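J.: Generate a structure from the sequence data that follows.
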Amino acid sequence: MKNIYPIIIFLICFLPLNAQVEFYVSPTGNHTNSGAKNQPFASLIEARDAIRHHKETSKKNQSYTVIIQDGHYSMMEPLELGPQDSGKEKFPVIYKAEKGAKPIFSGGKIIDGFTVNSNGIWEVKIPESVYYNWRFDQLYVNHKRATLARTPNKGFIELDTVTQNIWKQGQGKVADKAEQKLFFDKEAFESLSGITAENMGQVRFKAYHKWDYTLRYIDAINKDSLSITTSGKGMKPWNPLKKGRRVVFENYKAALDAPGEWFLSEEGILYYMPKAGETPENSTVIVPVLEQLVAVKGNASEGNYVEYIHFEGLSFEYCHYRIPATGSEPNQAAAVLNAAINVEGARNITFSNGEISKIGQHALWFGKGVSHSIVENSYMHNLGGGGVYLGGFKASNSKKALGGKEHTHHITVNNNIIQTGGQEFPAAVGVWVGHSSDSNIMHNDIGNFYYTGISVGWIWGYKPSLAKRNRIAYNHIHHIGWDLLSDMAAIYTLGASEGTVVENNLIHHIHSYSYGGWGMYADEGSSGIVFRNNLVYNTKTGGFQENYGKENIVKNNILAFAKKYQMQCTIAEEHKSFTFTHNIVLFNEGMVAKGAWDDVIAEIDYNIYWNTNGNEYDFNKHSFRNWRKKGFDKHSFLIDPKFKNPLQADFHFKSKKNYKKINFIPFNYSEAGVVGDKYWKQKAKLSNSIIESFDLAVQKNIIENPKRG
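T.: So this is what the prediction gives:
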């Protein structure tokens, strides 16, 4: 790098004093080049360093643009940007794709040299794994995520019983250290017979329970008692492993028995069982190496921010998430993961028209101390974790945290496609808003996640919360949940959220393994939230659910075709929980209302309820007449709202007569989702195979477990 500095200084002397400074980057570039168009650099890091040295020399207010040419770039290390890399409002620093180009930055390594053994399995010895014990937890074949060898190949093993021995309790409700024994019946335990003492240290299990997920290594297999032993933190009393929970075992050679599976032995040999038509010659195998691709890090507490940096049209892919030796303890929304692109202590940072894919963790995190920043028009998919995360997740009572410099606020997440997430950590969400306020989450398409589409708030109950005045609007959220986790929703809220508005969202195809599967879910302590002008249909257990909360407003929504209950509330309190007015509730099966309705304090009136199958209306085991005697729905109607074709998702009205009786105001739900040209809108559509698989999973879940939920 020393040779570059005289060249840069030479160029500075001949640049106009107030000109925009441009540097070029190309896959054919060289670190000894000047960065000019005909002498481009080879990496973003070289361009960053050139900007730093130009700033030191020129001492002038100038904007900087790094123009990246088309092609693939192998990243040897993350791009790290600090306060010294900042721009200014009128003189920003821009890293952008050249016009018509799509530069792709990869944190992965191509693995080749495979041979095919007598069983048809590919294998190759990886020197770095042999000599340096390099391990990896994700693998991609032909740009698709391969499956780590697992048992069973489909479905799950069910737990019989679980016992726990606490070694150290600590101060919290969850023990600091504990040992658990997981017992199975004889048939289920036989599936573990292929695990040998030699590979015991690699074997781990994944357990799916309620809204959470546990990933642990095993300490011992106990053949006499048909159990395994594992250790780590104690189980959470409110969500433990217990009888009936579903488990998968993975990461041992005997489990390598299905096409698309892979395994890395302790001897450093990588095995892959190919799918039909795959050969070493026609396939590309990539291992993610870098554990972060971009890190923007300032110090908000000291007022030392990174500012005015824009990324335009750049794609990032292949980022590794290393499974810790302790595994992954249950954590809601997979909030303890890192992100491929992480931003802290920064202001006015923009990511636009880019792509993030094939990663093991979250895509992008605007963390503590970030404000007035944007991610828009970007495509995030094939994610091990979630899409965009905002704010911190650790609660604090300090004044600094509650509204101080490290508070995250005024973030815009606009017009992004965020799909196929939770591939490694199913509890991850599309957009997560933790201790963050005054943000706009709008016009995003969020689909094919296992837990929740958008989660807002990170305080359980009525303690002080920072999640205020967030706007969740015009998002299309669909095909969420499948049949894997429970207690989830398209839009999920927590804590005191005064000023937060959830409006004009299009929500459909929300399902859960057991209970839950709501369109809009106001969980513990949700307060001061307005839910309005949302269309919600094809959910499992309701268009709206409130666990407990205070003074929420649910008005002018269409809630249609939930399978079990159309709306729910769980806990009645001494204050007014919510207002439910001017809504249209349409259904053809299940109850209208289920839960604590006999005791809840709520204003429920001026609604339309319509059962298209002509059966009776079950309001929490009350007739409509008795429901009214409780003080609810005195001015509501059991009448047909006159939608054009609701069974085909056409909720436009063919007549005004009935909805005008409740002063319902029609809204244009077709405005929800991404905006822009036909190409962008078409890109937001899930593949037919995903949609068909989702429908089959829902059907199977309902048929096999009709009472579940």
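
J.: residues touching residue 137, list them.
T.: 148, 320-323, 360, 424 (CB atoms under 8 Å, 6 or more residues apart in numbering). (Each C-beta comes from the backbone N, C-alpha and C, glycine too.)

J.: for residue 517, that is, sorry about that
T.: Contacts of residue 517 (CB under 8 Å, 6+ apart): 481, 486, 488-489, 510-511, 539-541, 709.

J.: mind checking how far it is from residue 538?
T.: 10 Å (CB to CB, to the nearest Å).

J.: Common neighbours of those two, please.
T.: Residues touching both residue 517 and residue 538 (CB under 8 Å, 6+ apart): residue 510.

J.: Tell me what the nearest residue to residue 115 once chain neighbours are set aside is bridged to.
T.: Nearest residue to residue 115 in three dimensions, chain neighbours excluded: residue 123, at 6.1 Å (CB to CB, 6 or more residues apart in numbering). Residue 123 has these beta-bridge partners by DSSP bridges: residue 115, residue 271.

J.: you'd agree residue 123 is up against residue 117?
T.: Yes: the pair residue 123 / residue 117 is scored as a contact, 5.7 Å apart, by CB atoms under 8 Å.

J.: neighbour count winner among these two?
T.: Under the criterion of other CB atoms under 10 Å, the comparison of residue 123 against residue 117 puts residue 123 first, with 16 against 10.

J.: picking up where we left off before, among the contacts of residue 137, which are located in helices?
T.: Using DSSP state H, no member of the contacts of residue 137 falls in helices.

J.: Show me the shaky parts of the stretch 601-709 of the chain.
T.: Under the criterion pLDDT under 70, the flagged ranges of the stretch 601-709 of the chain are 709.

J.: could you show me where the helices are in it, in order?
T.: 624-629, 678-683, 688-704 (DSSP state H, counting those that start in this stretch).

J.: Go through these and name the closest to residue 499.
T.: Residue 499 sits nearest to helix 678-683 of all the helices of the stretch 601-709 of the chain, at 30.7 Å, using CB to CB.

J.: and that closest one, C-alpha only, in CSV?
T.: Provided in CSV are the C-alpha atoms of helix 678-683 (Å, rounded to 0.1, in the frame of the first residue of the first chain):
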residue,chain,number,x,y,z
LYS,A,678,-43.0,-3.8,-13.0
TYR,A,679,-39.7,-5.6,-12.5
TRP,A,680,-39.5,-4.6,-8.8
LYS,A,681,-43.1,-5.6,-8.2
GLN,A,682,-42.7,-8.9,-10.0
LYS,A,683,-39.5,-9.6,-8.0
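
J.: Isn't residue 452 up against residue 426?
T.: No: applying CB under 8 Å, one finds residue 452 not in contact with residue 426, separated by 10.7 Å.

J.: ok, for residue 284, nearest residue in space, not its chain neighbours?
T.: residue 142 (5.8 Å).

J.: what ranges do the helices span in this protein?
T.: 4-14, 44-58, 127-132, 186-190, 624-629, 678-683, 688-704.

J.: Nearest to residue 230, out of these?
T.: helix 186-190 (14.9 Å).

J.: by contact count, what packs against that closest one?
T.: Packing partners of helix 186-190 (3 or more CB pairs under 8 Å, 6 or more residues apart in numbering; DSSP states H and E): none among the helices and strands.

J.: when you give positions from now on, start the count at 544
T.: New numbering, starting at 544: the last item is helix 729-733.

J.: Between residue 995 and residue 969, which is the more surrounded one?
T.: Taking other CB under 10 Å, residue 995 and residue 969 do not tie; residue 995 has more neighbours (33 against 22).

J.: Residue 821: neighbour count?
T.: Residues near residue 821, counting by other CB under 10 Å: 17.

J.: Verify the stated contact: it with residue 684.
T.: Yes: using CB under 8 Å, residue 821 is in contact with residue 684, at 7.0 Å.

J.: how does this structure divide up, domain by domain?
T.: Here the domain parsing of the chain from automatic domain parsing is 544-612, 616-650+832-992, 651-692+799-829, 700-797, 1035-1216.

J.: Select, out of these, the one closest to residue 1003.
T.: domain 1035-1216 (4.5 Å).

J.: mind checking the end-to-end distance for that closest one?
T.: 18 Å (CA to CA, to the nearest Å).

J.: Then stretch 966-975?
T.: Rule used - CA to CA; the end-to-end distance of stretch 966-975 is 17 Å.

J.: mind listing what residue 828 touches?
T.: Applying CB under 8 Å, 6+ apart, the residues contacting residue 828 are 653-655, 657, 682-684, 815.

J.: Which one of the residues you listed is nearest to residue 750?
T.: residue 682 (22.6 Å).

J.: Surely that closest one and residue 832 touch.
T.: No: using CB under 8 Å, residue 682 is not in contact with residue 832, being 11.7 Å away.

J.: The two: which has the busier surroundings?
T.: residue 682 (22 against 18).

J.: that older thread, and of the contacts of residue 1060, the nearest to residue 937?
T.: residue 1031 (22.6 Å).

J.: How many residues are close by residue 1230?
T.: 11.

J.: what separates it from residue 1237, distance-wise?
T.: Taking CB to CB, one finds residue 1230 at 11 Å from residue 1237.

J.: Then residue 900?
T.: From residue 900 to residue 1237 the distance is 21 Å (CB to CB).

J.: looking at this protein, which helix or strand is least sure?
T.: helix 547-557 (a mean of 48; mean pLDDT, DSSP states H and E).

J.: Distance check, residue 596 against residue 589.
T.: 11 Å.

J.: Neighbour count: the two, which is higher?
T.: Using other CB under 10 Å as the criterion, residue 596 and residue 589 rank with residue 589 on top: 22 against 14.

J.: Was I right to think residue 841 contacts residue 892?
T.: No: using CB under 8 Å, residue 841 makes no contact with residue 892, being 9.8 Å away.

J.: okay, and the common contacts of those two?
T.: In contact with both residue 841 and residue 892: 849-850, using CB under 8 Å, 6+ apart.

J.: picking up where we left off before, which one of the contacts of residue 828 is nearest to residue 991?
T.: The nearest one, if we look at the contacts of residue 828 relative to residue 991 and count by CB to CB, is residue 683, at 17.7 Å.

J.: Can you get me a residue count around the closest one?
T.: Residues near residue 683, counting by other CB under 10 Å, number 21.

J.: looking at the sheet around it, what are its partners?
T.: residue 688, residue 829.

J.: again with residue 1180
T.: Here residue 1180, judged by DSSP bridges, has bridge partners residue 1151.

J.: Hmm, residue 899 is touching residue 923, no?
T.: Yes: taking CB under 8 Å as the definition, residue 899 is a contact partner of residue 923 at 4.7 Å.

J.: shared neighbours of the two, anything?
T.: The contact lists of residue 899 and residue 923 share 906-907, where a contact means CB under 8 Å, 6+ apart.

J.: and stretch 739-759, average pLDDT?
T.: Summarised as a single mean, pLDDT over stretch 739-759 is 91.

J.: Look up how far residue 1077 lies from residue 998.
T.: 16 Å.

J.: got it, and residue 1113?
T.: Taking CB to CB as the measure, residue 1113 falls 20 Å from residue 1077.

J.: Mind checking which of those two has more residues around it?
T.: Neighbour comparison, residue 1113 and residue 1077: the larger count goes to residue 1077, with 30 against 14 (by other CB under 10 Å).
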